[in-house]
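Q: quick one, what's the 3D model for this:
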Amino acid sequence: MPALLEVRDLTVHYTYGNGAPAVAVDELSLEVAESEVVGLLGESGCGKTTLLLAILGLLPESARVVKGSIRFRGRELRALSESERRGLRGAEISIIFQDPALALNPVRRVGPQVAEVIHAHRRWSRRRCREEALSILAEVGFAAPARVHDSYPHELSGGQRQRVVIAQALACRPALILADEPTASLDSTTQAELWAVLEALQSRFGLALLLVSHDLGALAALAHRVLVMYAGRLVEAGGPAQVFGDPLHPYSRGLLRALPRAPDPTGSLEQRIPPPIPGASPDPAHLPPGCAFEPRCPDRLPLCVERPPGETRPAESRHVRCFKYGG
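A: Prediction:
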């Protein structure tokens, strides 16, 4: 499939005071095709959110793109003016933030917050924008969209607020939606409901999704491809069945081993607790010269401390950065 989004060798640094720059994204490359769902997996602090903000041009002042290319439909986004970026955000690329309580204005009714996204890009009448907002609220699963339209955020539950945020992202029917752990702050029942909503909307409108989540079950069900990120780099990529069923990178295997399992009442306490990945993530301001995972890796080789491994393809549609497979 032709690429809708192409990121090539993207590097993003954060700078605080006179300290060494912290490497949040390190020579990262990825593609998302039309109507494709790509899952992005990795522990907190590995650069997932920074990647999404860089794509949208919403990085904070402390961050800067050191190098790399971000192309959307063949158009270089880094070359756009801020005015051109505003025209793109919401209309062609949208984002679903993790915390709806922070994403919504607490002193405005939620319906107008959806309608203003439409009005900013479509320039329709206020009445038509309101009608479209009501329609979108119904599409994300509200049985009484008029009541929700006139509600303030505090009058809605967390799951309802997140549906409103999804409605905002969907308002102008963008080609690509970036979802930053969209169900992380919700209970498991509400999470399942929202995953079903996203799956239905993606199928109905042919949306492309770049989906950041720690929910491996959701990624296995929704994603066409899964990317594993560690210390700002992609370390593995493949289909969900490949990555979750036969992980190649030692970090991917560690993540899967650390998942909670059904308790075995006959086992010892040590047997019932999933084993964590030993050690801690590297300091992004002082990354090691070799593989960033080497200090924590049970399969480390002498070469791992000398230089970072390159990307290799040990099988069709599989990518991995590990000297065990070449690089």
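Q: after the lowest-mean-pLDDT helix or strand in the chain, which helix or strand is next? Please name it.
A: In the chain, the helix or strand scored least confidently by mean pLDDT, DSSP states H and E is helix 269-272, which has a mean of 60. The helix or strand immediately downstream of helix 269-272 is strand 312-315, counting by DSSP states H and E.
Q: in terms of secondary structure, what does that next one contact?
A: Applying 3 or more C-beta pairs under 8 Å, 6 or more residues apart in numbering; DSSP states H and E, we find strand 312-315 packed against strand 318-320. C-betas here are computed from N, CA, C, even on glycine.
Q: the strand it packs on: partners in the sheet, and parallel or antiparallel?
A: strand 233-238 (antiparallel), strand 312-315 (antiparallel) (DSSP bridges).
Q: and of those, who's closest to His121?
A: Minimum separation from His121 across the strands paired with strand 318-320 (C-beta to C-beta) falls at strand 233-238, 31.9 Å.
Q: what comes into contact with the closest one?
A: 26-30, 225-229, 243, 247-249, 251-252, 292-293, 308, 311, 317-322 (C-beta atoms under 8 Å, 6 or more residues apart in numbering).
Q: of these, select the buried ones using a PyMOL command.
A: Here is the PyMOL command that selects the buried residues among the contacts of strand 233-238 (16 or more other C-beta atoms under 10 Å):
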select buried, resi 26+27+28+30+225+226+227+228+229+243+247+248+249+251+252+292+293+308+311+318+319+320+321+322
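Q: check the contact between Leu28 and Glu6; I expect there is one.
A: No: using C-beta atoms under 8 Å, Leu28 is not in contact with Glu6, being 11.8 Å away.
Q: picking up where we left off before, just send the strands paired with strand 318-320 back as JSON lines, with distance to Val148, mean pLDDT and mean neighbour count too.
A: What follows is those, written out as JSON lines (distance: least, C-beta to C-beta, whole Å; pLDDT from 0 to 100; neighbours: other C-beta atoms under 10 Å):
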{"stretch": "strand 233-238", "distance to Val148": "39", "mean pLDDT": "97", "mean neighbour count": "25"}
{"stretch": "strand 312-315", "distance to Val148": "47", "mean pLDDT": "90", "mean neighbour count": "14"}
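Q: could these go into a markdown table alongside distance to Val110?
A: Conversion of the strands paired with strand 318-320 to a markdown table gives the following (distance: least, C-beta to C-beta, whole Å):
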| stretch | distance to Val110 |
| --- | --- |
| strand 233-238 | 36 |
| strand 312-315 | 46 |
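Q: list the contacts for Ala133?
A: So Ala133 contacts 111-112, 114-115, 118, 149, 167, 171 (C-beta under 8 Å, 6+ apart).
Q: so how far is Leu207 from it?
A: 19 Å (C-beta to C-beta, to the nearest Å).
Q: mind checking which helix or strand Leu178 is in?
A: Leu178 belongs to strand 176-180, assigned by DSSP H and E.
Q: what helices or strands is the following helix or strand past that strand leaning on?
A: As assigned by DSSP H and E, the chain's next helix or strand after strand 176-180 is helix 188-205. In terms of contacts (3+ C-beta pairs under 8 Å, 6+ apart), helix 188-205 is packed against helix 158-170, helix 216-222.
Q: need those helices in CSV (columns: mean pLDDT, distance to Arg73 and mean neighbour count).
A: Output for these, formatted as CSV (pLDDT from 0 to 100; distance: least, C-beta to C-beta, whole Å; neighbours: other C-beta atoms under 10 Å):
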stretch, mean pLDDT, distance to Arg73, mean neighbour count
helix 158-170, 96, 18, 24
helix 216-222, 91, 23, 18
